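Asker: below are the sequence and a predicted model for it; my questions follow.
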Amino acid sequence: MKEINMIDAPKYVDERVKIGAWLTNKRSSGKIAFLQLRDGTAFFQGVVVKNNVAEETFELAKELRQETSMWVTGVVHEDSRSKFGYELEVEDIEVVSESNDYPITPKEHGIDFLMDHRHLWLRSSRPHAIMRIRNEIIRATYEFFNKEGFTKVDSPILTGSAPEGTTDLFHTEYFDRDAYLSQSGQLYAEAGAMAFGKVFTFGPTFRAEKSKTRRHLIEFWMIEPEMAFMHQDESLEIQEQYIAFLVQNVIDNCATDLETLDRDVEQLKKYTKLPYPRISYDEAIELLQKNDFDVQWGADFGSPEETFLADHFEQPVFVLNYPKAIKPFYMKPHPTRDDVVICADLLAPEGYGEIIGGSERAVDYDYLLDQIKKAGLDPKEYSWYLDLRKYGSVPHAGFGLGLERAITWITGEDHVREAIPFPRLLNRIYP
Ligand code: 4AD
Ligand code: MG
């Protein structure tokens, strides 16, 4: 008999199959038992009819506990009433391993309890749907950058550099010297761009942020494309095409998961329309001041400001050219203004804030050296990076997408911790 994954049920209608599954819930009457099952690929119902199975099988079905693992044998049927659309008419059950007193029951649990049991909570339908969408976004990311001619170049996790400032560095020992966990792969991606033209890195990044917000993780994953011979306006086009591609692929390939999450697909479709609006930082400040925000030119935006700005538009919005003083050392200075740099943040609608940060890069050796010193960094640590400006420096631009921020927005979740299997938060490193 064929062992299948339940996700493939449409191919096996009316056939007898065998599936390795866990029990999530059940109810039974005297004559029939409904088993709520999951096999990792789908959540589905198994129906055990007393009169059609051996007496022991029906008795066993009634005794099964939540999360007991088993082989179930039966016939696949279409079932238009269920969300999944197929069910299994069970003929036989073989228990693999019992489960007693599973801590996560169908009742409501508090967030701390669920976070403590994250290793088990991942089995539940909501996190399952979110992680499948995460997987789709990662898959679509590789597809997008491959079709656009990018090469993936991996950046190190242990490093001596601090591209995004020294305040939130994760310090560690590296034998007899100091090292940090990577805040960003960007500087290495720039080296990669000078070797391969268009590259992207994708890896974990670390920020020892002391802030406890629904947008911040201590450990998060970042996709960082970097393109040689490219200016900021072309980079913005790639960014919007990439985001629209991700949203479209989630709509196309994760319909059941979006339904599980009650995500409004019509809303998501708006985000596939290009181009996205662009406003300058100056215009953003004006807009905020007109709407009674107490914010002065030069300030960075907090979450209320970002939410207001994004709500002003139907699509994600690029905010261009922030003050030099609040942005990292590597950004290209504006050609006619001293006070801003050539950069953009992409703000997501519905209150999700900044999902992309990017810029054109400074190309002049002396300017960059000066910026490194002004940032209080040790030029010796950046001498390899400065080499990129010594040997055939070219215009180049890049950006970083925070994977979990993008997932949180696309899935419509409230908190970024839901977008990663095992979140690392302020005061949480378990499980
Ligand atoms: O804006 P950031 O700090 O930019 C960089 O790191 C650049 N080096 C990227 C580049 O140009 N290659 O971070 C980029 C994105 C943010 O827009 C946000 O989506 C995400 O990373 N991010 C975080 N996500 C979760 N938790 C945190 N603590 C995050 N910090 C940044
Ligand atoms: Mg940023």
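Answerer: Here it is on my side, so go on. Remember, predicted model here, so these are calculated numbers, not experimental data. Ligands and ions are numbered 1, 2, ... in the order given.

Asker: what separates F422 from ligand 1, distance-wise?
Answerer: Distance, F422 to ligand 1, using Cβ to the nearest ligand atom, to the nearest Å: 14 Å. Where C-beta positions appear, they are placed from N, C-alpha and C, glycine not excepted.

Asker: I7: what's it in contact with?
Answerer: 41-42 (Cβ atoms under 8 Å, 6 or more residues apart in numbering).

Asker: against H77, how distant is it?
Answerer: As judged by Cβ to Cβ, to the nearest Å, I7 and H77 stand 16 Å apart.

Asker: next one: the host helix or strand of E360 to chain centre, how far?
Answerer: Using DSSP states H and E, E360 sits in strand 353-360. Centre-to-centre, strand 353-360 and its host chain are 15 Å apart (Cα atoms, centre = their mean, to the nearest Å).

Asker: tell me the strands beside that strand, with direction?
Answerer: Using DSSP bridges, the strands paired with strand 353-360 are strand 343-348 (antiparallel), strand 396-402 (antiparallel).

Asker: now do the next helix or strand after that strand: everything it contacts.
Answerer: Later in the chain than strand 353-360, the nearest helix or strand by DSSP H and E is helix 365-374. Applying Cβ under 8 Å, 6+ apart, the contact partners of helix 365-374 are 329-330, 333, 362, 379, 382, 386, 389-390, 393.

Asker: now swap in stretch 234-244 and tell me
Answerer: The contact list for stretch 234-244, computed with Cβ under 8 Å, 6+ apart, reads 141, 144-145, 148, 225, 227, 271-276, 278, 316, 318, 344, 346, 355-356, 358, 360, 397-399, 401, 406.

Asker: near ligand 1, anything from that stretch?
Answerer: No - applying Cβ under 6 Å from any ligand atom, one finds stretch 234-244 out of contact with ligand 1, separated by at least 9.3 Å.

Asker: packing partners for the one helix or strand V48 maps to?
Answerer: Taking DSSP H and E as the criterion, V48 maps to strand 43-49. Applying 3 or more Cβ pairs under 8 Å, 6 or more residues apart in numbering; DSSP states H and E, we find strand 43-49 packed against strand 16-28, strand 32-38, helix 55-63, strand 86-97.

Asker: mind doing that once more with 6 Å?
Answerer: Strand 43-49 makes packing contacts with strand 32-38, strand 86-97 when contacts are defined by 3 or more Cβ pairs under 6 Å, 6 or more residues apart in numbering; DSSP states H and E.

Asker: for burial, what's the neighbour tally of E306?
Answerer: 22 (other Cβ atoms under 10 Å).

Asker: now swap in T57 and tell me
Answerer: By other Cβ under 10 Å, the residues close to T57 number 19.

Asker: tell me how far it lies from F329.
Answerer: For T57, the distance to F329 - Cβ to Cβ - is 69 Å.

Asker: give me the phi and psi for A179.
Answerer: Main-chain torsions, A179, degrees, to the nearest 10: phi -150, psi 170.

Asker: was I right about it contacting I157?
Answerer: No - counting by Cβ atoms under 6 Å, A179 does not reach I157; the two are 9.6 Å apart.

Asker: can you show me the strands along the stretch 151-300 of the chain?
Answerer: Applying DSSP state E, counting those that start in this stretch to the stretch 151-300 of the chain gives strands spanning 151-152, 158-159, 170-174, 177-181, 198-206, 219-228, 278-280.
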